[in-house]
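>>> Provided below are the primary sequence and the corresponding predicted coordinates.
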Amino acid sequence: MLRLGSDPFVEGLRHTDPVALLVALAVTAATTACGARRWSLLAARLRVEVPFRDAYAACYRAQLLNATLPFGVVGDVHRGYRHGRDSGALARGLGSVAWERASGQLVQVGLAAAALPLLVGGTWVLALPVAAVLLGAAVVSRGGVWPQVVLLSAAASCGHVAVLVVAARTAGVTAPTYQLVALALLVLVASAVPLSVAGWGPREGAAAWLFGAAGLGAATGLEVSVVYGVMSLVATLPGILVLRGDTRTARGGTAWASGPTSS
């Protein structure tokens with residue numbers, strides 16, 4: 001990335017527009033709901049139940065912390081620790097978040113693998129990720145909550161892909177949508193590597209390399225990643241409401257949401 005200079009960053013910031021930010025906010029509200037529901041299901045299996053409303057608030061808080069602190073997982077560690085502490089079962093509280101994050105990542109990796117033909121094929125292979133999800137759901141159909149977990153994870157991944165595709169269009173990329181979908185899935189897998197600084201690092205490197213390998217230019221990939229990074233950061237800002245609620249609770253006030261609880 002050092003070889004590309006600062007121009008892709010400057011151009012990425014310049015191309016980010018209010019419409020793209022509103023799309024990111026709306027889509028992230030939906031993907032956060034998917035993650036919260038997934039966590040509620042898995043936490044219940046571990047007997048550390050968390051109501052959906054509390055899970056939704058806690059997931060927003062975790063996303064904000066992930067997007068602003070090193071390594072990109074601090075928010076999730078805090079979420080698991082707090083839920084475990086409040087439920088009186090620290091190991092299971094942490095485990096519920098670990099299972100929630102791992103299940104989402106596994107489905108995302110599966111979708112990325114299924115979408116690889118998109119880089120060399122045509123629009124007909126857009127059916128491959130859908131087929132992979134349906135196959136995965138059928139395989140685990142006897143697993144109680146697992147079909148729901150798979151489908152929720154797939155829906156969340158599709159939302160993140162949509163935001164990245166919008167980022168690419170915002171940056172002026174005119175490549176076919178099927179190609180951008182495949183690139184987005186691969187970039188998102190790389191972005192999950194916990195070596196980032198406030199969400200930045202592996203994602204930008206992967207985007208530059210993948211877009212370059214696809215013939216779209218490394219600088220273009222970096223610019224798209226910058227636009228996506230800004231959109232994603234703005235989309236986590238509702239988490240501030242939860243953090244403010246936490247502060248008010250600590251001072252003895254009434255909070256909008258005080259974090260996950262258990263029954």
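Right, received. Where do you want to start? Residues are numbered from 1 along each chain as shown.
>>> Residue 155 in helix, strand or coil?
Here residue 155 is helix, with the state taken from DSSP: H, G, I helix; E, B strand; the rest coil.
>>> I figured it hits residue 35, correct?
No: contact criterion C-beta atoms under 8 Å: residue 155 and residue 35 do not qualify, at 9.9 Å. C-betas here are computed from N, CA, C, even on glycine.
>>> between those two, which one's more packed in?
residue 35 (24 against 18; other C-beta atoms under 10 Å).
>>> Return the residues in contact with the residue nearest to residue 71 when sequence neighbours are not counted.
Nearest-residue entry for residue 71: residue 194, 4.8 Å, with adjacent residues in sequence omitted and distances by C-beta to C-beta, 6 or more residues apart in numbering. By C-beta atoms under 8 Å, 6 or more residues apart in numbering, the residues touching residue 194 are 71-73.
>>> again, but for residue 59
Residue 59 touches 32, 35-36, 39, 79, counting by C-beta under 8 Å, 6+ apart.
>>> where does it land on pLDDT?
Looking at residue 59, its pLDDT stands at 96.
>>> Would you mind naming the helix or strand containing it?
Per DSSP states H and E: residue 59 is located in helix 52-68.
>>> in that helix, what counts as buried?
Going by neighbour count (16 or more other C-beta atoms under 10 Å), the buried part of helix 52-68 is 54-67.
>>> Ok, stretch 194-213 next?
Burial within stretch 194-213, assessed by neighbour count using 16+ other C-beta under 10 Å, is assigned to 196, 198-212.
>>> Secondary structure class of residue 215, three-state.
coil.
>>> Could you find the closest non-adjacent residue to the residue nearest in space to the middle of the chain?
Nearest to the geometric centre of the chain sits residue 160, at 5.9 Å (C-alpha atoms, centre = their mean). Leaving aside its sequence neighbours, residue 160 sits nearest to residue 188 (C-beta to C-beta, 6+ apart; 5.5 Å).
>>> packing partners for the helix or strand harbouring the one you found?
In the assignment (DSSP H and E), residue 188 maps to helix 177-191. If contacts are counted by 3 or more C-beta pairs under 8 Å, 6 or more residues apart in numbering; DSSP states H and E, helix 177-191 sits against helix 90-115, helix 146-170, helix 202-213, helix 218-235.
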